[in-house]
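# Sequence first, then the predicted structure, then my questions.
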Amino acid sequence: MDSNWDDLRVFLALAREGTLTTAAKALGVSHPTVSRRVAVLERQIGARLFERLPDRFVPTSAGEELLADTQAMEKAAHSIHRRSAGLSDTVSGTVRLSAGEAMAALIARHLAELRGKLKQIEFEVVASHTLANLSRREADLLIREQVPELGGIVARKLGRVAYAIYAARDFPVGRLAKGDPMAGLLDQPWLGFDEDHGYFPGQSWLHERLGNRRLVVRVNNWLVLQDAVRAGAGLSVLPCYLGDPDPALKRLGGVITDVFADQWLLVHRDLRALPRVRAVMDAVIDLFQRERPLLEGRT
(Lines give C-alpha, C1' and ligand atoms only; values in the text may rest on other atoms or scores of the structure.)
Protein backbone atom coordinates (compact mmCIF):
# COMPACT_ATOMS: atom_id res chain seq x y z
CA MET A 1 0.00 0.00 0.00
CA ASP A 2 1.28 3.47 -0.90
CA SER A 3 -1.09 5.86 0.89
CA ASN A 4 -0.25 9.54 1.04
CA TRP A 5 -0.49 11.57 4.23
CA ASP A 6 -3.34 13.73 2.91
CA ASP A 7 -5.60 10.68 2.53
CA LEU A 8 -4.65 9.47 6.01
CA ARG A 9 -5.42 12.91 7.47
CA VAL A 10 -8.90 12.71 5.93
CA PHE A 11 -9.36 9.21 7.36
CA LEU A 12 -8.25 10.44 10.79
CA ALA A 13 -10.61 13.43 10.70
CA LEU A 14 -13.60 11.25 9.75
CA ALA A 15 -12.76 8.77 12.51
CA ARG A 16 -12.68 11.61 15.03
CA GLU A 17 -15.64 13.63 13.79
CA GLY A 18 -17.96 10.81 12.80
CA THR A 19 -19.69 12.51 9.85
CA LEU A 20 -18.63 13.71 6.41
CA THR A 21 -19.92 17.20 7.11
CA THR A 22 -18.04 17.77 10.37
CA ALA A 23 -14.87 16.14 9.03
CA ALA A 24 -14.98 18.38 5.96
CA LYS A 25 -15.42 21.43 8.19
CA ALA A 26 -12.50 20.40 10.41
CA LEU A 27 -10.26 19.93 7.37
CA GLY A 28 -11.45 22.96 5.44
CA VAL A 29 -12.39 20.89 2.38
CA SER A 30 -15.63 19.93 0.66
CA HIS A 31 -17.97 17.15 1.69
CA PRO A 32 -17.35 15.14 -1.56
CA THR A 33 -13.58 15.44 -1.08
CA VAL A 34 -13.75 13.58 2.22
CA SER A 35 -15.91 10.83 0.72
CA ARG A 36 -13.64 10.48 -2.33
CA ARG A 37 -10.39 10.38 -0.30
CA VAL A 38 -11.75 7.70 2.04
CA ALA A 39 -12.93 5.60 -0.92
CA VAL A 40 -9.48 5.86 -2.52
CA LEU A 41 -7.81 4.80 0.73
CA GLU A 42 -10.15 1.82 1.11
CA ARG A 43 -9.33 0.67 -2.44
CA GLN A 44 -5.61 0.96 -1.75
CA ILE A 45 -5.87 -1.04 1.46
CA GLY A 46 -8.40 -3.51 0.11
CA ALA A 47 -10.67 -3.31 3.15
CA ARG A 48 -13.59 -1.28 4.42
CA LEU A 49 -12.43 1.26 6.99
CA PHE A 50 -15.85 2.48 8.15
CA GLU A 51 -19.29 1.12 8.89
CA ARG A 52 -21.78 3.54 7.27
CA LEU A 53 -24.46 3.93 9.94
CA PRO A 54 -27.51 6.17 9.38
CA ASP A 55 -26.13 9.01 11.50
CA ARG A 56 -22.37 8.52 11.53
CA PHE A 57 -19.27 6.67 10.32
CA VAL A 58 -17.77 4.13 12.75
CA PRO A 59 -14.33 2.55 12.13
CA THR A 60 -14.32 -1.16 11.33
CA SER A 61 -11.74 -3.48 12.90
CA ALA A 62 -9.42 -2.68 9.97
CA GLY A 63 -10.13 0.99 10.51
CA GLU A 64 -9.29 0.72 14.22
CA GLU A 65 -5.91 -0.82 13.38
CA LEU A 66 -5.13 1.87 10.84
CA LEU A 67 -6.33 4.56 13.27
CA ALA A 68 -3.67 3.69 15.84
CA ASP A 69 -0.88 3.89 13.25
CA THR A 70 -2.28 7.10 11.74
CA GLN A 71 -2.45 8.78 15.15
CA ALA A 72 1.21 7.89 15.71
CA MET A 73 2.05 9.37 12.29
CA GLU A 74 0.15 12.54 13.16
CA LYS A 75 2.01 12.87 16.44
CA ALA A 76 5.33 12.48 14.63
CA ALA A 77 4.31 15.04 11.99
CA HIS A 78 3.40 17.59 14.68
CA SER A 79 6.72 16.95 16.42
CA ILE A 80 8.64 17.52 13.18
CA HIS A 81 6.70 20.73 12.59
CA ARG A 82 7.47 22.05 16.07
CA ARG A 83 11.12 21.05 15.99
CA SER A 84 11.68 22.49 12.53
CA ALA A 85 10.25 25.80 13.77
CA GLY A 86 12.83 25.72 16.56
CA LEU A 87 15.73 25.61 14.10
CA SER A 88 15.25 29.28 13.27
CA ASP A 89 17.69 31.64 14.99
CA THR A 90 16.01 34.96 14.15
CA VAL A 91 13.63 37.00 16.30
CA SER A 92 11.05 37.41 13.55
CA GLY A 93 7.86 35.81 12.28
CA THR A 94 4.43 35.21 13.79
CA VAL A 95 3.67 34.32 17.41
CA ARG A 96 0.15 33.13 18.27
CA LEU A 97 -0.98 33.96 21.80
CA SER A 98 -4.24 32.53 23.15
CA ALA A 99 -5.99 33.83 26.28
CA GLY A 100 -9.48 34.33 27.68
CA GLU A 101 -11.27 37.42 26.40
CA ALA A 102 -10.54 39.56 29.48
CA MET A 103 -6.84 38.69 29.51
CA ALA A 104 -6.67 39.08 25.72
CA ALA A 105 -8.07 42.60 26.22
CA LEU A 106 -5.29 43.35 28.72
CA ILE A 107 -2.67 42.14 26.22
CA ALA A 108 -4.34 44.26 23.50
CA ARG A 109 -3.88 47.41 25.61
CA HIS A 110 -0.13 46.83 25.49
CA LEU A 111 0.30 45.64 21.91
CA ALA A 112 1.73 48.97 20.75
CA GLU A 113 4.36 48.73 23.47
CA LEU A 114 5.10 45.07 22.69
CA ARG A 115 5.35 45.77 18.97
CA GLY A 116 7.67 48.68 19.72
CA LYS A 117 10.08 46.29 21.41
CA LEU A 118 9.61 43.42 18.96
CA LYS A 119 9.22 45.12 15.59
CA GLN A 120 10.02 41.99 13.55
CA ILE A 121 7.31 39.90 15.21
CA GLU A 122 3.70 39.70 14.06
CA PHE A 123 1.23 39.02 16.87
CA GLU A 124 -1.87 36.88 16.58
CA VAL A 125 -3.99 37.31 19.73
CA VAL A 126 -6.81 34.78 20.05
CA ALA A 127 -9.54 35.36 22.65
CA SER A 128 -10.96 31.96 23.57
CA HIS A 129 -12.16 30.02 26.62
CA THR A 130 -11.10 26.72 25.06
CA LEU A 131 -7.62 25.32 25.48
CA ALA A 132 -5.71 25.60 22.22
CA ASN A 133 -3.63 22.54 21.35
CA LEU A 134 0.04 23.50 21.67
CA SER A 135 1.18 20.17 20.20
CA ARG A 136 -0.66 20.94 16.95
CA ARG A 137 0.58 24.55 16.90
CA GLU A 138 -2.96 25.94 17.30
CA ALA A 139 -1.14 28.50 19.44
CA ASP A 140 2.48 29.12 20.43
CA LEU A 141 1.69 30.54 23.87
CA LEU A 142 -1.29 30.27 26.21
CA ILE A 143 -2.26 32.36 29.21
CA ARG A 144 -4.55 30.31 31.41
CA GLU A 145 -5.76 30.05 35.01
CA GLN A 146 -4.86 26.36 35.33
CA VAL A 147 -1.97 24.21 34.16
CA PRO A 148 -3.36 21.30 32.14
CA GLU A 149 -2.03 17.81 32.82
CA LEU A 150 -0.52 17.37 29.37
CA GLY A 151 2.88 16.06 28.41
CA GLY A 152 5.38 18.44 26.87
CA ILE A 153 3.90 21.60 28.41
CA VAL A 154 6.15 24.04 30.27
CA ALA A 155 4.40 26.47 32.64
CA ARG A 156 5.56 29.78 34.14
CA LYS A 157 3.47 31.55 36.77
CA LEU A 158 2.76 35.13 35.73
CA GLY A 159 0.95 36.39 38.82
CA ARG A 160 -2.36 36.50 40.65
CA VAL A 161 -5.52 38.36 39.61
CA ALA A 162 -7.76 39.96 42.26
CA TYR A 163 -11.52 40.52 41.95
CA ALA A 164 -13.90 43.10 43.43
CA ILE A 165 -17.48 44.35 43.15
CA TYR A 166 -18.14 47.07 40.57
CA ALA A 167 -21.03 49.30 39.53
CA ALA A 168 -21.52 52.06 37.01
CA ARG A 169 -20.07 55.39 38.16
CA ASP A 170 -23.52 56.93 38.67
CA PHE A 171 -25.26 53.76 39.93
CA PRO A 172 -26.98 54.56 43.26
CA VAL A 173 -25.80 52.46 46.20
CA GLY A 174 -26.12 53.12 49.91
CA ARG A 175 -23.38 53.53 52.43
CA LEU A 176 -21.06 50.54 52.38
CA ALA A 177 -20.37 48.67 55.60
CA LYS A 178 -16.82 47.76 56.47
CA GLY A 179 -15.80 44.14 56.44
CA ASP A 180 -18.34 42.14 54.45
CA PRO A 181 -18.18 43.31 50.80
CA MET A 182 -21.82 42.25 50.27
CA ALA A 183 -23.25 44.06 53.29
CA GLY A 184 -26.06 46.36 52.17
CA LEU A 185 -25.84 45.20 48.55
CA LEU A 186 -27.88 41.99 48.51
CA ASP A 187 -31.06 43.71 47.30
CA GLN A 188 -29.30 45.31 44.34
CA PRO A 189 -29.64 43.79 40.84
CA TRP A 190 -26.72 41.43 40.25
CA LEU A 191 -25.14 40.33 36.98
CA GLY A 192 -22.98 37.29 36.32
CA PHE A 193 -22.38 34.28 34.14
CA ASP A 194 -24.69 31.63 32.78
CA GLU A 195 -24.66 28.06 34.05
CA ASP A 196 -22.11 26.85 31.50
CA HIS A 197 -19.61 29.43 32.75
CA GLY A 198 -20.31 29.16 36.46
CA TYR A 199 -16.75 27.94 36.98
CA PHE A 200 -15.38 31.43 36.31
CA PRO A 201 -13.78 33.16 39.32
CA GLY A 202 -16.21 34.81 41.69
CA GLN A 203 -19.34 33.04 40.50
CA SER A 204 -19.56 30.44 43.28
CA TRP A 205 -18.75 33.13 45.85
CA LEU A 206 -21.52 35.35 44.46
CA HIS A 207 -24.18 32.61 44.33
CA GLU A 208 -23.42 31.50 47.88
CA ARG A 209 -24.15 35.01 49.14
CA LEU A 210 -27.18 35.67 46.98
CA GLY A 211 -28.87 32.49 48.18
CA ASN A 212 -32.19 32.12 46.36
CA ARG A 213 -31.88 35.45 44.57
CA ARG A 214 -31.33 35.07 40.84
CA LEU A 215 -28.98 37.02 38.63
CA VAL A 216 -30.97 39.52 36.58
CA VAL A 217 -28.51 39.29 33.66
CA ARG A 218 -26.42 36.26 32.71
CA VAL A 219 -23.69 36.33 30.04
CA ASN A 220 -20.85 34.14 28.76
CA ASN A 221 -18.14 36.77 28.25
CA TRP A 222 -16.22 39.03 30.65
CA LEU A 223 -16.22 41.99 28.28
CA VAL A 224 -20.00 41.76 27.77
CA LEU A 225 -20.39 41.63 31.55
CA GLN A 226 -18.22 44.72 31.91
CA ASP A 227 -20.34 46.58 29.34
CA ALA A 228 -23.55 45.58 31.11
CA VAL A 229 -22.23 46.91 34.43
CA ARG A 230 -21.02 50.08 32.72
CA ALA A 231 -24.51 50.59 31.27
CA GLY A 232 -26.03 50.54 34.77
CA ALA A 233 -27.77 47.15 34.55
CA GLY A 234 -26.53 46.19 38.01
CA LEU A 235 -23.57 45.13 40.12
CA SER A 236 -21.09 42.37 39.39
CA VAL A 237 -17.78 40.81 40.34
CA LEU A 238 -15.04 41.74 37.86
CA PRO A 239 -11.28 41.27 37.70
CA CYS A 240 -9.63 44.42 39.03
CA TYR A 241 -7.54 44.87 35.89
CA LEU A 242 -10.81 45.34 33.97
CA GLY A 243 -12.72 47.37 36.52
CA ASP A 244 -10.14 49.71 38.06
CA PRO A 245 -8.92 51.40 34.84
CA ASP A 246 -12.47 51.89 33.53
CA PRO A 247 -13.57 55.51 34.24
CA ALA A 248 -17.22 54.50 33.80
CA LEU A 249 -17.03 52.09 36.75
CA LYS A 250 -16.57 52.43 40.48
CA ARG A 251 -15.31 49.78 42.86
CA LEU A 252 -17.53 49.00 45.85
CA GLY A 253 -15.18 48.12 48.68
CA GLY A 254 -11.85 46.37 48.58
CA VAL A 255 -10.73 43.25 46.79
CA ILE A 256 -12.58 40.04 47.64
CA THR A 257 -9.96 38.04 49.49
CA ASP A 258 -11.65 34.71 48.78
CA VAL A 259 -11.77 35.26 45.01
CA PHE A 260 -8.59 35.21 42.92
CA ALA A 261 -7.09 33.48 39.90
CA ASP A 262 -3.47 32.62 39.24
CA GLN A 263 -2.29 33.22 35.70
CA TRP A 264 0.10 30.85 33.93
CA LEU A 265 2.06 31.19 30.71
CA LEU A 266 2.11 27.86 28.86
CA VAL A 267 4.41 26.83 26.01
CA HIS A 268 5.34 23.52 24.41
CA ARG A 269 8.85 22.47 25.39
CA ASP A 270 9.83 22.14 21.71
CA LEU A 271 9.06 25.84 21.14
CA ARG A 272 10.29 27.58 24.29
CA ALA A 273 13.80 28.06 22.84
CA LEU A 274 12.51 29.41 19.51
CA PRO A 275 13.85 33.00 19.47
CA ARG A 276 10.60 34.74 18.54
CA VAL A 277 8.59 32.71 21.07
CA ARG A 278 11.22 33.27 23.76
CA ALA A 279 11.21 37.01 23.04
CA VAL A 280 7.43 37.24 23.41
CA MET A 281 7.54 35.11 26.56
CA ASP A 282 10.08 37.46 28.14
CA ALA A 283 8.02 40.50 27.11
CA VAL A 284 4.81 39.04 28.59
CA ILE A 285 6.57 38.09 31.83
CA ASP A 286 7.97 41.62 32.10
CA LEU A 287 4.52 43.10 31.39
CA PHE A 288 2.91 41.10 34.19
CA GLN A 289 5.62 42.09 36.62
CA ARG A 290 5.09 45.78 35.85
CA GLU A 291 1.30 45.46 35.98
CA ARG A 292 1.28 43.50 39.24
CA PRO A 293 -0.35 46.31 41.29
CA LEU A 294 -3.20 46.56 38.78
CA LEU A 295 -3.66 42.78 38.61
CA GLU A 296 -3.76 42.54 42.40
CA GLY A 297 -6.19 45.45 42.75
CA ARG A 298 -3.70 47.74 44.47
CA THR A 299 -3.94 50.74 42.13
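Yep, that arrived.
# Strand partners (parallel or antiparallel) of the strand ranked longest in the chain?
Looking across the chain with DSSP state E, the single longest strand is strand 153-168. Counting by DSSP bridges, the strands paired with strand 153-168 are strand 236-239 (antiparallel), strand 249-251 (antiparallel), strand 260-268 (antiparallel).
# what ranges do the strands span in the chain?
So, for the chain - with DSSP E - the strands run 50-52, 57-59, 93-99, 121-127, 141-144, 153-168, 191-193, 217-219, 236-239, 249-251, 260-268.
# Show me what the mean pLDDT comes to for the first one.
Rounded to a whole number, the mean pLDDT of strand 50-52 is 90.
# which residues are in contact with it?
L14, A15, V38, F57, V58, P59, T60, G63 (CB atoms under 8 Å, 6 or more residues apart in numbering). (C-beta placed from N, C-alpha, C; glycine too.)
# Repeat the analysis, applying 6 Å as the threshold.
Identification of contacts with strand 50-52 by CB atoms under 6 Å, 6 or more residues apart in numbering yields F57, V58, P59, T60, G63.
# okay, who's weakest in these by pLDDT?
Lowest pLDDT of the contacts of strand 50-52: G63, 86.
# so where's the protein shaky on pLDDT?
Applying pLDDT under 70 to the chain flags the ranges 1-3, 76-91, 133-137, 175-179.
# 80 - rerun?
Residues of the chain meeting the criterion pLDDT under 80: 1-6, 72-92, 130-137, 149-151, 174-183, 299.
# ok, which stretches of it are helices?
Along the chain, counting by DSSP state H, helices occupy 5-17, 20-27, 31-45, 61-85, 101-109, 111-117, 203-210, 222-230, 240-243, 275-290, 292-295.
# just so I know, which of the ones you listed lies nearest F171?
helix 222-230 (8.3 Å; CB to CB).
# same for the closest one, what does it pack against?
When contacts are defined as 3 or more CB pairs under 6 Å, 6 or more residues apart in numbering; DSSP states H and E, helix 222-230 packs onto helix 101-109.
# chain center to the helix it packs on, what's the gap?
Offset of helix 101-109 from its chain centre (CA atoms, centre = their mean, to the nearest Å): 12 Å.
# just stretch 271-286 next, same as before
Mean-position distance between stretch 271-286 and its chain equals 19 Å (CA atoms, centre = their mean).
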